[in-house]
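# Compute the structure for the input listed below.
(chains A, B, C and D)
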Protein chains: 2
Amino acid sequence: MIFDDIDKRLLFYLQKDSKQTNKELSNKLNLSVTAVYERIKKLEKRGYVDKYVALINKEKVDKAFVAFCHIKLVKHSQDYVVSFEKEVNRLNEVLECYHISGDYDYLLKVLVKNMEAFREFMVKKLTTINHIGSTHSMFVINEVKHTTAINM
Amino acid sequence: MIFDDIDKRLLFYLQKDSKQTNKELSNKLNLSVTAVYERIKKLEKRGYVDKYVALINKEKVDKAFVAFCHIKLVKHSQDYVVSFEKEVNRLNEVLECYHISGDYDYLLKVLVKNMEAFREFMVKKLTTINHIGSTHSMFVINEVKHTTAINM
DNA sequence: AATATAATTAGAAAATAAATCTAATTAAAT
DNA sequence: ATTTAATTAGATTTATTTTCTAATTATATT
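Below is the predicted model of the structure:
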């Protein structure tokens, strides 16, 4: 199977705006509507597209306070890791969690209303999770760049 | 204007899958198709929805190596900050860039093919940007959680 | 190079969904 | 209680997606 330049350009446009009609895309790609349609279906079927989503304005829904939390576990045994990761998945303030190299074990992206809500989150939710050794939080002063679009 | 529980549930569904038809949404929300349609248009108009996008599978497009880079500037004068932020916006390996509190000034999320590509990025692109004092990179071993859906 | 095979594309037709309109209902304000 | 505004439902129109058939293009085989 081939994944050519037209496919790349198609994904580029869909990553910018997935609500474009196939006709609009067909103009940009110099193809017929059917050709665009078939390519999109092919890309979806082969797993290139994870999903289509609406991206919500976090200021509008009052969740504009963003923090990154480094977390160290007390031990790195299989069961500690598994249970920590399961707990983190339950916390809906945590949008992202990465197991990373370096001084800390995990990096979390946390979204809440304000500093007070963040304190609540830390005290009542995060630090009640077992096996956490230490944490280190960094607060987002300004979002300089934020895109979901992968460049191919 | 009111932003009620139905709106919240509607955004919840749209954040999961924006390709659902209004009929499917109307079933989930126990509303008519028109009511769903009007609510979506209202939310869009009032700025609740930033945009609709396709989320692409990074393994499929061979950009599965993820790194977070801490960056310190040599100075924090206005012009240094402005020019750094402008440069970062140009780099398409950088999906996200945050000005943060703490030991470092910035946190970058970088997406490339592999470690070799990351090295290339650091040497040929990132560190050629002026005003960078020091950097510290963390590599993603595993993506434990990753969602774009804000919980309201 | 000629032929067969598969993949991609285009255009028309059918099916489906979005958008608009009018009227009815519900909620909020006076 | 009455007016006003907002929301909703159902019907209709408009637009888009999906399917179908045929033509074209690319790839593989002899």
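# do you know how far the nearest residue to residue A:71 once chain neighbours are set aside is from residue A:56?
Excluding the flanking residues, the one nearest residue A:71 by CB to CB, 6 or more residues apart in numbering or on different chains is residue A:106, at 4.3 Å. C-betas here are computed from N, CA, C, even on glycine. Separation of residue A:106 from residue A:56 (CB to CB, to the nearest Å) stands at 25 Å.
# For chain A, which residues are neighbours of DNA strand C?
A:1-2, A:6, A:26, A:30-35, A:38-39, A:42 (CB under 7 Å from any atom of the strand).
# ok, 6 Å please
A:2, A:6, A:31-32, A:34-35, A:38-39 (CB under 6 Å from any atom of the strand).
# Could you tell me which residues make contact with the residue nearest to the spatial centre of chain A?
Centroid-nearest residue in chain A: residue A:96, 5.9 Å away (criterion: CA atoms, centre = their mean). Residues counted as contacts of residue A:96 (CB atoms under 8 Å, 6 or more residues apart in numbering or on different chains) are A:108-109, B:143, B:145-147.
# Just the buried ones from the residues you listed?
With neighbours counted using 16 or more other CB atoms under 10 Å in any protein chain shown, the contacts of residue A:96 contain these buried positions: A:108-109, B:145, B:147.
# Nearest to residue B:47 among these?
Residue B:47 lies nearest to residue B:147 out of the buried ones among the contacts of residue A:96, by CB to CB, at 21.3 Å.
# quick one: the strands in chain A?
Assigned by DSSP state E, the strands in chain A fall at A:49-56, A:65-73, A:94-100, A:106-112, A:132-146.
# could I get those strands as TSV with distance to residue B:90 and mean pLDDT?
As requested, the strands of chain A are exported to TSV (distance: least, CB to CB, whole Å; pLDDT from 0 to 100):
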stretch	distance to residue B:90	mean pLDDT
strand A:49-56	22	97
strand A:65-73	23	97
strand A:94-100	24	98
strand A:106-112	24	98
strand A:132-146	10	97
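# now, of the ones you listed, which is deepest in the fold?
Comparing the strands of chain A by mean neighbour count (mean count of other CB atoms under 10 Å in any protein chain shown), strand A:106-112 comes out on top with a mean of 22.
# ok and it relative to strand B:94-100, angle-wise?
If you take axes from the mean of the first three to the mean of the last three CA atoms, to 10 degrees, strand A:106-112 sits at 70 degrees to strand B:94-100.
# other SSEs contacting strand A:106-112?
Applying 3 or more CB pairs under 8 Å, 6 or more residues apart in numbering or on different chains; DSSP states H and E, one finds that strand A:106-112 contacts strand A:65-73, helix A:78-90, strand A:94-100, helix A:115-120.
# Tell me the residues of chain A that contact DNA strand D?
A:21-23, A:33-34, A:37.
# Helices - which of those residues land there?
Counting by DSSP state H, these place A:22-23, A:33-34, A:37 in helices.
# neighbour-wise, which of the residues you listed leads?
Most neighbours among these, by other CB atoms under 10 Å in any protein chain shown: residue A:22, with 18 neighbours.
# is it true that that one touches residue A:37?
Yes - between residue A:22 and residue A:37 there is a contact at 5.3 Å, judged by CB atoms under 8 Å.
# Which positions in stretch A:114-123 come out as buried?
Here stretch A:114-123 shows A:117-118, A:121-122 as buried, counting by 16+ other CB under 10 Å.
# Ends of that stretch, what's the gap?
End-to-end distance of stretch A:114-123 (CA to CA, to the nearest Å): 14 Å.
# and the buried residues of stretch A:114-123 as TSV, adding pLDDT?
Formatted as TSV, those follow (pLDDT from 0 to 100):
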residue	pLDDT
A:117	98
A:118	98
A:121	98
A:122	97
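# which phi and psi does the spatially closest residue to residue A:76 that is not a sequence neighbour have?
Once flanking residues are discounted, residue A:76 sits nearest to residue A:105: 7.3 Å by CB to CB, 6+ apart. The phi/psi pair for residue A:105 (degrees, to the nearest 10) reads phi -90, psi -40.
# got the contact list for residue A:105?
A:71-73, A:76, A:99.
# And for residue A:74?
Going by CB under 8 Å, 6+ apart, residue A:74 touches A:80, A:131-133.
# can we see that at 10 Å?
A:80, A:130-134 (CB atoms under 10 Å, 6 or more residues apart in numbering or on different chains).
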